[in-house]
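Colleague: sequence unknown, structure follows:
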């Protein structure tokens with residue numbers, strides 16, 4: 001997807017209806033669907049925000065950035081995710097959280113990012129976070145400067161997100177599931193599942209509406 005074509009469709013991206021739970025639940029195992037809205041509310045989840053950042057590569061093709069988290073003693077060690085993190089007292093809102101965390105984790109200046117819109121919240125059971133994603137763009141290919149929270153950067157073509165052949169099922173164990181088939185995306189030989197896949201599923205449906 002040419003970046004100029006992508007930016008020409010931003011007005012549609014801003015107003016087209018989000019898929020919400022319908023889009024997100026295309027990329028979750030059956031057990032995950034059973035978690036009710038009431039249970040999520042009663043768990044008093046912590047708030048966080050992430051940024052789905054789209055930009056042109058050297059061939060002017062549209063890409064977005066994912067990160068492989070560094071290994072640590074926590075629920076999301078070494079997982080693939082968008083840059084982002086929990087809200088801090090200094091953040092005036094969740095958009096500020098997403099921009100701040102993106103700057104801290106991969107070195108993207110807040111002033112270079114244009115936020116297109118807020119996407120649907122996603123609940124993460126193992127860490128009890130409710131995450132708000134934001135869709136943003138930067139007009140030039142970024143110079144990434146990852147910090148020690150990031151093990152690898154994964155640059156993904158927007159066309160690979162839209163391509164259904166990059167969807168698959170993998171058997172895995174998690175902190176709350178044992179040997180279950182989990183729907184996922186496969187990008188550049190990386191498996192993307194869980195909350196990040198749920199967010200990407202909504203973005204995929206949004207992009208397919210304008211493609």
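Modeller: Done, it's in. Note that this is a predicted model, so its numbers are computed, not measured.
Colleague: could you list the buried residues of the top helix by length along the chain?
Modeller: For the chain, the helix with the greatest residue count under DSSP state H is helix 194-210. For helix 194-210, the neighbour count (16 or more other CB atoms under 10 Å) marks 194-207 as buried. In this view, the C-beta of every residue, glycine as well, is placed from N, C-alpha and C.
Colleague: and for stretch 9-28?
Modeller: For stretch 9-28, by 16+ other CB under 10 Å, it's 10, 13, 18, 19, 21, 23, 24, 25, 26, 27, 28.
Colleague: in helices, which of those residues appear?
Modeller: Per DSSP H, the subset of these in helices is 10, 13, 21, 23, 24.
Colleague: now the residues you listed as JSON lines including pLDDT?
Modeller: Listed next are those as JSON lines, based on pLDDT from 0 to 100:
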{"residue": "10", "pLDDT": "94"}
{"residue": "13", "pLDDT": "93"}
{"residue": "21", "pLDDT": "90"}
{"residue": "23", "pLDDT": "95"}
{"residue": "24", "pLDDT": "94"}
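Colleague: for those residues, which two are the farthest from each other?
Modeller: Spatial extent of these (CB to CB) is set by the pair 10 and 21 at 24.7 Å.
Colleague: what sits against the closest residue to residue 208 other than its chain neighbours?
Modeller: Ranked by CB to CB, 6 or more residues apart in numbering and with sequence neighbours excluded, the top spatial neighbour of residue 208 is residue 162, at 5.8 Å. For residue 162, the contact set (CB atoms under 8 Å, 6 or more residues apart in numbering) comprises 1, 204, 207, 208, 211.
Colleague: what about 10 Å?
Modeller: 1, 203, 204, 205, 207, 208, 211 (CB atoms under 10 Å, 6 or more residues apart in numbering).
Colleague: which two among those residues are spaced furthest apart?
Modeller: 1 and 205 (15.1 Å).
Colleague: quickly note the distance from the residue nearest to residue 208 to residue 200.
Modeller: Plainly put, residue 162 is 11 Å away from residue 200 if you go by CB to CB, to the nearest Å.
Colleague: where do the contact lists of those two overlap?
Modeller: Joint contacts of residue 162 and residue 200 (CB under 10 Å, 6+ apart) are residue 207.
Colleague: the helix or strand of the chain with the lowest mean pLDDT: what's the following helix or strand?
Modeller: One helix or strand of the chain scores below all others by mean pLDDT, DSSP states H and E: helix 30-33, with a mean of 67. Toward the C-terminal end, the helix or strand that comes next after helix 30-33 (DSSP states H and E) is helix 37-42.
Colleague: distance from that next one to the middle of the chain?
Modeller: 22 Å (CA atoms, centre = their mean, to the nearest Å).
Colleague: also stretch 16-33?
Modeller: Between the centre of stretch 16-33 and the centre of its host chain there is 14 Å, according to CA atoms, centre = their mean.
Colleague: equivalent analysis for stretch 197-205, please.
Modeller: Worked out by CA atoms, centre = their mean, stretch 197-205 lies 8 Å from the chain centre.
Colleague: please apply the same query to stretch 97-112.
Modeller: Relative to where its chain is centred, stretch 97-112 has its mean C-alpha point 15 Å off (CA atoms, centre = their mean).
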